[in-house]
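K.L.:
A structural model of the following input is requested.
(one chain, ligands or ions: 1)
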Amino acid sequence: MTTKGNDRTKVRPSENRESKLLVNHCFGLARQLRITKILVFAESVLDQRYILENKEQVSIILLTKDEAKIREEFLPHCSVLSLPGQNLSRSDQFQLGLLIAVLHNLVEHDETVLCITGLVGSLRLDNLLITNLLRDNKWFQKHTYEKIPKKILRSKEFIRLLDIALRLAGQGREGKKIGTIFVLGDYKKYDKYLTQLVLNPCKGHPKRNRNIHDNDFFETIREFAALDGAFIIDNSGVVEKAGTYLNPPASENTKMLKGFGARHAAAASLTAVSEALTITVSESSSSVIVFFDGSAILQFNHH
Ligand SMILES: Nc1ncnc2c1ncn2[C@@H]1O[C@H](COP(=O)(O)OP(=O)(O)OP(=O)(O)O)[C@@H](O)[C@H]1O
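P.N.:
Reported below is the predicted structural model:
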């Protein structure tokens, strides 16, 4: 059991031993199964050195919410990836971590890898998984991965937007839940399906001040999320519009999601008739859903 408040100093020696044994067994399994990549959720590792002691013939991919916490001696031996989101379930952590590794070309989408993780904040590793994105993710089975324009899904803009969406879903605004849509892509190609519900609050501001990569802009996004409608973001991460209503035509290519209403229908439909990718934050369920080509391709739920 994790202590309430996730006191990082309170890891019993026996628990640290459990984590070390799990890591040892993981590397043993990798050798036996000839698996060459191991994803480690670094947030849960108290003593990172025992991972280095094990590394031979495997690539270690460290996933972290805070790259500054990764010890320097690790860096030449591991790939370090930033993991967006907060309070995700463990299965969502796995899914997101693996997806990000695939998007960074560190893992093939049909490659079997080992993942070790623990409860966020617990500093204990307690879970070992053998997984393969193509085998274990329904969407990857149904779709041709290569069909997704790499410039969109493999972009740092997509990963950053996912991070923003997960943070908004997890934190809300002034104690209230947030619901919104982010649209990523070449917006001029689907401008005809966009209508302003209110005057565009981004208009007239320099591009550098409304880029999703700018940390200071995050709070503005949180404020603008209170407006009905969607954020329209170009491929370089500049928010071109906010408070925008999506009005795409009906298309047979749209797969509606059960249990959701107009927001999710609009987000799905726009991707059916354009090359845009949309990410929704659901006000009713706090889930974050990524749509592409008319379908939900990824879904993350908060707990
Ligand atoms: N076409 C659209 N474009 C942009 N925003 C929309 C559109 N349709 C609805 N919305 C926004 O979504 C809000 C919620 O609508 P609704 O409850 O029907 O959607 P939902 O898919 O169930 O979303 P949620 O899970 O967030 O409640 C509306 O108040 C409106 O602000």
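
K.L.:
now Val239, which residues is it bridged with?
P.N.:
Ile233 (DSSP bridges).

K.L.:
ok, it touching Phe231?
P.N.:
Yes. The criterion here is CB atoms under 8 Å, and Val239 meets it with Phe231 at 5.6 Å. For glycine as for every other residue, the C-beta is placed from the backbone atoms N, C-alpha and C.

K.L.:
shared neighbours of these two, which are they?
P.N.:
Ile221 (CB atoms under 8 Å, 6 or more residues apart in numbering).

K.L.:
between the two, who's got more neighbours?
P.N.:
Neighbours were counted for Val239 and for Phe231 using other CB atoms under 10 Å; Phe231 has more, 27 against 24.

K.L.:
I figured that one hits Leu246, correct?
P.N.:
No. If you go by CB under 8 Å, Phe231 and Leu246 don't touch, sitting 10.9 Å apart.

K.L.:
Where does pLDDT dip in the stretch 101-250 of the chain?
P.N.:
Applying pLDDT under 70 to the stretch 101-250 of the chain flags residues 120-121, 138-154.

K.L.:
Can you check which residues contact both of Phe231 and Leu246?
P.N.:
Counting by CB under 8 Å, 6+ apart, the shared contacts of Phe231 and Leu246 are 181, 183.

K.L.:
Mind splitting the protein into its structural domains?
P.N.:
Following automatic domain parsing, one gets these domains for the chain: 13-136, 147-301.

K.L.:
how about the ones you listed in CSV, adding distance to the ligand?
P.N.:
Shown next, in CSV, are the domains of the chain (distance: least, CB to the nearest ligand atom, whole Å):
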stretch, distance to the ligand
domain 13-136, 18
domain 147-301, 3
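
K.L.:
Doesn't Leu114 lie inside a helix?
P.N.:
No. Leu114: not assigned to a helix; according to DSSP: H, G, I helix; E, B strand; the rest coil it is strand.

K.L.:
Now do the contacts for the closest residue to it other than its chain neighbours.
P.N.:
For Leu114, ignoring the flanking residues on the chain, the nearest one in space by CB to CB, 6 or more residues apart in numbering is Ile38 at 4.8 Å. Contact analysis of Ile38 by CB under 8 Å, 6+ apart lists 26-27, 30, 58-61, 113-116.

K.L.:
Just the buried subset of those residues, please.
P.N.:
Taking 16 or more other CB atoms under 10 Å as the criterion, what is buried in the contacts of Ile38 is 26-27, 30, 58-61, 113-116.

K.L.:
Mind putting these into JSON lines with distance to Leu166?
P.N.:
Output for these, formatted as JSON lines (distance: CB to CB, whole Å):
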{"residue": "Cys26", "distance to Leu166": "27"}
{"residue": "Phe27", "distance to Leu166": "30"}
{"residue": "Ala30", "distance to Leu166": "29"}
{"residue": "Val58", "distance to Leu166": "29"}
{"residue": "Ser59", "distance to Leu166": "26"}
{"residue": "Ile60", "distance to Leu166": "24"}
{"residue": "Ile61", "distance to Leu166": "20"}
{"residue": "Val113", "distance to Leu166": "22"}
{"residue": "Leu114", "distance to Leu166": "24"}
{"residue": "Cys115", "distance to Leu166": "19"}
{"residue": "Ile116", "distance to Leu166": "22"}
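
K.L.:
Which stretches in the stretch 151-300 of the chain count as helices?
P.N.:
Along the stretch 151-300 of the chain, counting by DSSP state H, counting those that start in this stretch, helices occupy 156-171, 217-224, 262-273.

K.L.:
Put the alpha carbons of the first one into CSV.
P.N.:
What follows is helix 156-171, C-alpha atoms only, in CSV (Å, rounded to 0.1, in the frame of the first residue of the first chain):
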residue,chain,number,x,y,z
LYS,A,156,6.3,17.2,-30.6
GLU,A,157,3.2,19.3,-31.0
PHE,A,158,0.9,16.2,-30.7
ILE,A,159,2.8,15.1,-27.6
ARG,A,160,2.6,18.5,-26.0
LEU,A,161,-1.1,18.9,-26.8
LEU,A,162,-1.7,15.5,-25.2
ASP,A,163,0.1,16.7,-22.2
ILE,A,164,-2.0,19.9,-22.0
ALA,A,165,-5.2,17.9,-22.5
LEU,A,166,-4.3,15.4,-19.8
ARG,A,167,-3.4,18.2,-17.4
LEU,A,168,-6.6,20.1,-18.0
ALA,A,169,-8.6,16.9,-17.5
GLY,A,170,-6.7,16.1,-14.3
GLN,A,171,-6.7,19.6,-12.8
